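Engineer: Kindly generate the corresponding structure for this input.
(2 chains)
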Amino acid sequence: DSGVTQTPKHLITATGQRVTLRCSPRSGDLSVYWYQQSLDQGLQFLIQYYNGEERAKGNILERFSAQQFPDLHSELNLSSLELGDSALYFCASSVGPGPNTDTQYFGPGTRLTVL
Amino acid sequence: KNEVEQSPQNLTAQEGEFITINCSYSVGISALHWLQQHPGGGIVSLFMLSSGKKKHGRLIATINIQEKHSSLHITASHPRDSAVYICAVRFWQGAQKLVFGQGTRLTINP
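Structural biologist: Take a look at the predicted model:
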């Protein structure tokens, strides 16, 4: 158990819908990272927050947005869903602000299926 | 272009064999991570390296900065080592993010 929690574990929805994925980091970690893992693309970095502020941005679509709240939990919002958005979405957390010196601890993931 | 290549893509071995998984990257990096993804999907961080060598139990990770290459070794492999092993790097240039290799699927047969 990494100490990072993600809800829900599974999500099945229809095209065009909007969903929210939630992540709670390990106690004491200030950074939250969001990743997407699809069968054809592998793991891809979406976005990182550090202590409430956006720190780095990756291949995140404009239909997707995220935020980190004062209690440090984070939410990833996916809207106007398409079939291609079906993937595993992982959240990870670390103590510091970047991937240079910090080990990242991964949550169990949310499996999103868009029908 | 910032790229990460892993080899082999798939590896099947017998219990007890010495395993090597390789990771090469295109340009200079500030950090390299090795991750393990279990068959159920969960991801565990195994090592983070910027130079030299690290060891944890039967796992050893090495990095050669000049050759832009890292290896993950597993000694006395066991069926429970069966998983996908993923290399990820933070390039010096570009956004502060990890770029992932495509993963190596390891199967250890009893």
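Engineer: need the residues of chain B near chain A, please.
Structural biologist: Remark: the part of chain B in contact with chain A comprises B:30-31, B:33, B:35, B:41-45, B:48, B:50, B:86, B:88, B:90, B:95-103, using CB under 8 Å from any CB of the partner chain. Yep, even glycine has a C-beta here, placed from its N, CA and C like the rest.
Engineer: Which among those residues count as buried?
Structural biologist: When the residues of chain B next to chain A are checked for burial by 16 or more other CB atoms under 10 Å in any protein chain shown, the buried set is B:31, B:33, B:35, B:42-43, B:45, B:48, B:86, B:88, B:90, B:96-103.
Engineer: can you tell me which of these are in strands?
Structural biologist: With strands taken from DSSP state E, the overlap with those comprises B:31, B:33, B:35, B:43, B:45, B:48, B:86, B:88, B:90, B:99-100.
Engineer: What ranges in the chain fall below the confidence cut-off?
Structural biologist: You didn't say which chain, so I picked chain A. In the prediction, chain A carries residues with pLDDT under 70 at positions A:99.
Engineer: hmm, I had chain B in mind actually
Structural biologist: Residue ranges of chain B with pLDDT under 70: B:1-2, B:94-95.
Engineer: can you give me the helices in it?
Structural biologist: All residues of chain B lie outside helices when identified by DSSP state H.
Engineer: residues in contact with the nearest residue to A:Ser27 once chain neighbours are set aside?
Structural biologist: Leaving aside its chain neighbours, A:Ser27 sits nearest to A:Gly3 (6.8 Å; criterion: CB to CB, 6 or more residues apart in numbering or on different chains). A:Gly3 makes contact with A:25-27, A:93, A:105 under the criterion CB atoms under 8 Å, 6 or more residues apart in numbering or on different chains.
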